[in-house]
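Asks: Here is the input, now give the coordinates:
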Amino acid sequence: MSPHRLTLLPLALLFACSTVEKGSPTDPWQDEAFVERAHEAVEQYVHVVIASYDATIVGAEALGAAVDAFVAAPSADTLDAAKKAWLAARDIYGQTEVYRFYGGPIDVEPGGLEGQINSWPMDEAYIDYVDGDPDAGIINDLVEYPTLSADLLLDLNTKAGEDSISTGWHAIEFLLWGQDLSADGPGARPWTDYTTGADGTAANQDRRGQYLTIVTDQLVADLKSVRAGWDEGAAYHESFEHGDAKAALTKVLLGMGSLSGAELSGERLSVAYDTKDQEDEHSCFSDNTHNDFIANALGIENVYLGRWGDSTGSSLSDLVKELDEELDTTLREQLRATNAAMAAIPAPFDQAIAAAEGTPQREAVADAIAALKTQTQTIVEVATLLDISLNLE
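Replies: Sure thing, here's the model as predicted:
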């Protein structure tokens, strides 16, 4: 979840007490061959992390090129191309969120970049005009912020409060789509908001374009910084891949369980399901939330299977199968079921959560929440099998 939003899922606060007695013949960590296979699974995990961040950076750079083209020559076509580039890059990034929640390069404090990259929900009026307030936002405040820069926008991010977000995916999303004021579609910001000529709409079109370019460039830079933490030779990479395999797998499982549990089934789905409020929707401006969910669920499955695209290798699944084939089969089936449940949520998500009780739309969201909770429980069982204690919040 965003660093400024903390909702505890009452699934469990602490899962401890392995059923395996340490030092006994049934303790897999006393088996040197098993430990070696665990190291291989950790190594493959790192390969998956690196490959997925590399793909994310390629997508973000394509977004940057599309934004540059749009700002240089605003038109309906160049705006549409920038939107498509955002959606494509976002789908890749969503699969990397499972690498959070354990103090890795994206979350490590001080200086964790997740808050600059993906904080939500955001107060749109902090950045730009909104319905009923044409002068709102940093963009339209030339007195307080006469000069826009990356340093300024980074300093302002969450400075005025949890939802005073000025950078990242959702700032870019808002600048491309505008507020979502439609009952059945995304935001409809006109491309003329960026045109300085006679056809220009709103005000400060040049500053709007400058702001969009700055935050897009910053997103690329932040993603590259996170990726650098996983570089061969980087301190985090070395300690994770070449350190204690059990400690590394504890982090892997913590990322899986936290994203599946408190974040997805709790913060992103249950909160919105209960409130029926569009403001609790993740990618509300573009109506891309259902795809966010699909990508997140796929990322969890990728990690368990040691997979990125068509490439696979030693995996957590292999280790579990070796110790308890039935449990491995159960989690594999549950991961597939969750993917299917996510895909079954009708778009747009804001209409699904707002639908009347008992309707197929609402039931689809409830089914996805239930599937996530079930697989989270099984992730905990996997941890217990491996004599790993998870503290899930």
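Asks: just checking, residue 97 touches residue 299?
Replies: Yes - using Cβ atoms under 8 Å, residue 97 is in contact with residue 299, at 6.1 Å. Quick note: C-beta positions are derived from backbone N, CA and C, even for glycine.
Asks: Can you show me the helices along the stretch 51-200 of the chain?
Replies: In the stretch 51-200 of the chain, helices defined by DSSP state H, counting those that start in this stretch lie at 76-94, 114-118, 150-156, 169-177, listed in chain order.
Asks: So, low pLDDT: which residues of the chain?
Replies: For the chain, the stretches flagged by pLDDT under 70 are 1-26, 393.
Asks: again, only this time at 50
Replies: For the chain, residues meeting the criterion pLDDT under 50 lie at 1-25.
Asks: now the strands: where do they sit in it?
Replies: Per DSSP state E, the chain carries strands over the ranges 307-308, 311-312.
Asks: what packs against the first one?
Replies: In other words, strand 307-308. Applying 3 or more Cβ pairs under 8 Å, 6 or more residues apart in numbering; DSSP states H and E, we find strand 307-308 packed against helix 32-72.
Asks: 10 Å instead, please
Replies: Counting contacts by 3 or more Cβ pairs under 10 Å, 6 or more residues apart in numbering; DSSP states H and E, strand 307-308 packs against helix 32-72, helix 289-305.
Asks: now do the last one
Replies: Applying 3+ Cβ pairs under 10 Å, 6+ apart, we find strand 311-312 packed against helix 32-72.
Asks: Quick one: work out the angle between the helix it packs on and helix 76-94.
Replies: Helix 32-72 and helix 76-94 are oriented at 170 degrees to each other (axes from the mean of the first three to the mean of the last three Cα atoms, to 10 degrees).
Asks: related to what we said a few turns ago, got JSON lines for the helices of the stretch 51-200 of the chain, with mean neighbour count too?
Replies: Formatted as JSON lines, these follow (neighbours: other Cβ atoms under 10 Å):
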{"stretch": "helix 76-94", "mean neighbour count": "20"}
{"stretch": "helix 114-118", "mean neighbour count": "22"}
{"stretch": "helix 150-156", "mean neighbour count": "14"}
{"stretch": "helix 169-177", "mean neighbour count": "26"}
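Asks: Identify whichever of these lies nearest to residue 63.
Replies: Residue 63 lies closest to helix 76-94 among the helices of the stretch 51-200 of the chain, at 4.2 Å (Cβ to Cβ).
Asks: Could you export the closest one as PDB, CA atoms only?
Replies: Extracted in PDB, the C-alpha atoms of helix 76-94 (Å, rounded to 0.1, in the frame of the first residue of the first chain):
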ATOM      1  CA  ALA A  76      -5.900  14.300 -30.100                       C
ATOM      2  CA  ASP A  77      -3.600  11.700 -31.700                       C
ATOM      3  CA  THR A  78      -0.500  12.500 -29.600                       C
ATOM      4  CA  LEU A  79      -2.500  12.600 -26.400                       C
ATOM      5  CA  ASP A  80      -4.000   9.200 -27.200                       C
ATOM      6  CA  ALA A  81      -0.500   7.800 -27.900                       C
ATOM      7  CA  ALA A  82       0.700   9.100 -24.500                       C
ATOM      8  CA  LYS A  83      -2.300   7.500 -22.800                       C
ATOM      9  CA  LYS A  84      -1.700   4.200 -24.500                       C
ATOM     10  CA  ALA A  85       2.000   4.300 -23.500                       C
ATOM     11  CA  TRP A  86       1.000   5.000 -19.900                       C
ATOM     12  CA  LEU A  87      -1.400   2.000 -19.900                       C
ATOM     13  CA  ALA A  88       1.300  -0.300 -21.400                       C
ATOM     14  CA  ALA A  89       4.000   0.700 -19.000                       C
ATOM     15  CA  ARG A  90       1.600   0.500 -16.100                       C
ATOM     16  CA  ASP A  91       0.600  -3.100 -16.800                       C
ATOM     17  CA  ILE A  92       4.300  -4.100 -16.600                       C
ATOM     18  CA  TYR A  93       4.900  -2.100 -13.400                       C
ATOM     19  CA  GLY A  94       1.900  -3.700 -11.700                       C
END
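Asks: which helices and strands does it pack with?
Replies: With contacts taken as 3+ Cβ pairs under 10 Å, 6+ apart, helix 76-94 sits against helix 32-72, helix 114-118, helix 169-177, helix 205-228, helix 289-305.
Asks: Now for residue 53, how many residues are close by?
Replies: When neighbours are counted by other Cβ atoms under 10 Å, residue 53 registers 23.
Asks: Now do the same contact list for it.
Replies: When contacts are counted by Cβ atoms under 10 Å, 6 or more residues apart in numbering, residue 53 touches 92-93, 96, 99, 105-106, 223-224, 226-230.
Asks: how much space between it and residue 264?
Replies: In this structure, residue 53 and residue 264 are 20 Å apart, going by Cβ to Cβ, to the nearest Å.
Asks: Can you tell me how far residue 179 is from residue 187?
Replies: Going from residue 179 to residue 187 by Cβ to Cβ gives 5 Å.
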